[in-house]
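1. With the input below, show me the fold.
(2 chains)
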There are 2 protein chains.
Amino acid sequence: MDNWREFGTDELTPPLRAALGVFARHGYHGASIRTIAEAAGLSVPGLYHHYRSKQAILAALVDAAMAEMLTHTAAAAEDAGDSPATRFANIVECLARFHMARRDHAFVASTEMRSMDPDVRAHHISQRDAQQTMIEDAIRAGVDAGDFTCRHPEDAARAIASLCVSIASWYRPGGPLTADDVVARHLGYARAMVGATEA
Amino acid sequence: MDNWREFGTDELTPPLRAALGVFARHGYHGASIRTIAEAAGLSVPGLYHHYRSKQAILAALVDAAMAEMLTHTAAAAEDAGDSPATRFANIVECLARFHMARRDHAFVASTEMRSMDPDVRAHHISQRDAQQTMIEDAIRAGVDAGDFTCRHPEDAARAIASLCVSIASWYRPGGPLTADDVVARHLGYARAMVGATEA
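-> I've put the predicted structure just below:
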């Protein structure tokens, strides 16, 4: 990865990108295979050639989005070197930037947990937990290094992840806050939430 | 209101409560009037006797949930007397408790913004903004009183509201954290986010 801060065009296949738009507008249960095929410029059999079911489309879509997030987050963590406080900041920044760049992906992944078959949901939760564990590990390392005072790292990691996820629900490019503003403010909130000792 | 901390049975009519369950499971677009009527123990014409459309059901449901939240929040603010820091804490606690007691309501209200007709959505946003304005006013009063150091009260109010909303997505009664644990931790996060000076 050249730059973990940059999220260009996503890596979804064209049918998955079409499905993303349909799921975001109508919800999984309100989306028909025909509507997805039309949005993708495919016949229904053509779409089934790529994906065996609507559930397989949801699974591939959410997996691709989560994998992109995890790849960027791992690069952000790596880029921090040995400093837990910098690692924490980079991960939070990465999560905030992902949720500004991938609003529909984040919305569908979080709201359609209910629509996932058990194995798909379990895989999704494992990816989400991997993300939160990276935050939690950075918090614990920061506490050990004396950078943070946080009594519940696991809970704080979930809260910080939730806060970053929520950015997708209100942020709009060209709105009153730039992406850098959003990052700066959320870094401030996240550092306060873990009791960062240097301000 | 006897106690703003208590959320007993919600005040939804039986058809609205049935619709809530169907919307939460299948999404608005995936929910048929027939399914809602069956869940409510009504015929389809019987359901239409109460509500003229699926959109009217969504509107009434979300309005009732938001009105309950606002009534409790106003009582929580009132209960704080003249202290901005207590007012802030009461409002945050109220919002956290609402989102533990009304998980489906919160989920449907936030995820089905996309499904609301423009006038329904505008009303919903006005209720949500009223909630956030109560938080923002308490933050500004706390800054004026020297209790908080917060440079962006409007943004902080949105972030704190988002954090409380997200509780609905993971909290379960009987889970590892009690409702009081969740309240205590989120009060800690919220106070840190506004730079509360006394710890």
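
2. gap between residue A:135 and chain B?
-> As judged by Cβ to the nearest Cβ, to the nearest Å, residue A:135 and chain B stand 14 Å apart. Just so you know, the C-beta spots here come from the backbone N, C-alpha and C atoms, and that holds for glycine as well.

3. Ok, residue A:139 next?
-> Residue A:139 is 13 Å from chain B, where distance means Cβ to the nearest Cβ.

4. and chain A, which residues reach chain B?
-> When proximity is defined by Cβ under 8 Å from any Cβ of the partner chain, chain A lies next to chain B at A:24-31, A:107, A:110-111, A:114-115, A:152, A:155-156, A:158-159, A:162-163, A:165-166, A:169-170, A:177, A:185-186, A:189, A:192-193, A:195.

5. hang on, isn't residue A:11 packed against residue A:64?
-> Yes. Counting by Cβ atoms under 8 Å, residue A:11 does reach residue A:64; the two are 6.3 Å apart.

6. In terms of neighbours, single out the busier of the two.
-> More crowded of residue A:11 and residue A:64, by other Cβ atoms under 10 Å in any protein chain shown: residue A:64, with 18 against 12.

7. what helix or strand does that one sit in?
-> helix A:54-78 (DSSP states H and E).

8. Now that helix: buried residues?
-> The neighbour-count check on helix A:54-78 (16 or more other Cβ atoms under 10 Å in any protein chain shown) flags A:54, A:57-66, A:68-70, A:72-77 as buried.

9. Skip ahead from that helix and say which helix or strand is next.
-> Counting by DSSP H and E, the next helix or strand C-terminal to helix A:54-78 is helix A:84-101.

10. May I have that next one as CSV, with CA atoms only?
-> Output of helix A:84-101 as CSV, limited to C-alpha atoms (Å, rounded to 0.1, in the frame of the first residue of the first chain):
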residue,chain,number,x,y,z
PRO,A,84,1.8,3.2,21.1
ALA,A,85,0.3,6.7,21.1
THR,A,86,1.2,7.2,17.4
ARG,A,87,-0.1,3.7,16.6
PHE,A,88,-3.4,4.5,18.4
ALA,A,89,-3.7,7.8,16.6
ASN,A,90,-2.9,6.3,13.2
ILE,A,91,-5.5,3.5,13.6
VAL,A,92,-8.2,6.0,14.7
GLU,A,93,-7.3,8.3,11.8
CYS,A,94,-7.5,5.4,9.4
LEU,A,95,-10.9,4.3,10.7
ALA,A,96,-12.2,7.8,10.4
ARG,A,97,-10.9,8.2,6.9
PHE,A,98,-12.4,4.8,5.8
HIS,A,99,-15.8,5.8,7.1
MET,A,100,-15.7,9.1,5.2
ALA,A,101,-14.6,7.4,2.0
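
11. which helices and strands does that helix pack with?
-> helix A:54-78, helix A:118-144, helix A:153-170, helix A:179-193 (3 or more Cβ pairs under 8 Å, 6 or more residues apart in numbering or on different chains; DSSP states H and E).

12. hey, which of those helices is tucked in deepest?
-> Stretch with highest mean neighbour count among these: helix A:153-170 (a mean of 22; mean count of other Cβ atoms under 10 Å in any protein chain shown).

13. Mind checking the pLDDT average for that helix?
-> In this model, helix A:153-170 has an average pLDDT of 97.

14. quick check: angle from it to helix B:153-170?
-> 110 degrees (axes from the mean of the first three to the mean of the last three Cα atoms, to 10 degrees).

15. which helices and strands sit right next to helix A:153-170?
-> Helix A:153-170 is packed against helix A:84-101, helix A:103-111, helix A:118-144, helix A:179-193, helix B:153-170, helix B:179-193, with contacts defined by 3+ Cβ pairs under 8 Å, 6+ apart.

16. Adding distance to residue B:42, write these out as a markdown table.
-> Listed next are those as a markdown table, based on distance: least, Cβ to Cβ, whole Å:
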| stretch | distance to residue B:42 |
| --- | --- |
| helix A:84-101 | 41 |
| helix A:103-111 | 28 |
| helix A:118-144 | 32 |
| helix A:179-193 | 46 |
| helix B:153-170 | 28 |
| helix B:179-193 | 34 |
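
17. Looking at these, which is nearest to residue B:38?
-> Nearest of the helices and strands packed on helix A:153-170 to residue B:38, taken as Cβ to Cβ: helix A:103-111 at 24.0 Å.

18. Dump the closest one to PDB, restricted to CA.
-> The C-alpha trace of helix A:103-111 is given here as PDB (Å, rounded to 0.1, in the frame of the first residue of the first chain):
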ATOM      1  CA  ARG A 103     -20.100   5.500   3.600                       C
ATOM      2  CA  ASP A 104     -22.400   3.100   1.800                       C
ATOM      3  CA  HIS A 105     -20.100   0.100   2.500                       C
ATOM      4  CA  ALA A 106     -20.100   1.000   6.200                       C
ATOM      5  CA  PHE A 107     -23.900   1.500   6.300                       C
ATOM      6  CA  VAL A 108     -24.700  -1.800   4.500                       C
ATOM      7  CA  ALA A 109     -22.100  -3.800   6.600                       C
ATOM      8  CA  SER A 110     -23.500  -2.500   9.900                       C
ATOM      9  CA  THR A 111     -27.200  -2.500   9.100                       C
END
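
19. Where does pLDDT dip in chain A?
-> Across chain A, residues meeting the criterion (pLDDT under 70) sit at A:198-199.

20. before we move on, back to that, what is in contact with residue A:11 and residue A:64 at once?
-> Residues touching both residue A:11 and residue A:64 (Cβ atoms under 8 Å, 6 or more residues apart in numbering or on different chains): there are none.

21. pretty sure residue A:106 contacts residue A:170?
-> No. Residue A:106 lies out of contact with residue A:170 (Cβ under 8 Å); the separation is 11.9 Å.

22. show me the contacts for residue A:79.
-> Residue A:79 neighbours (Cβ under 8 Å, 6+ apart): A:4, A:90.

23. Then the one 10 residues further on?
-> Contact criterion Cβ under 8 Å, 6+ apart gives A:80, A:187, A:190, A:191 as the residues in contact with residue A:89.

24. repeat that for 6 Å
-> Neighbouring residues of residue A:89 by Cβ atoms under 6 Å, 6 or more residues apart in numbering or on different chains: residue A:187.

25. Please apply the same query to residue A:22.
-> Residue A:22 sits next to A:31, A:35, A:36, A:39 when contact means Cβ under 6 Å, 6+ apart.
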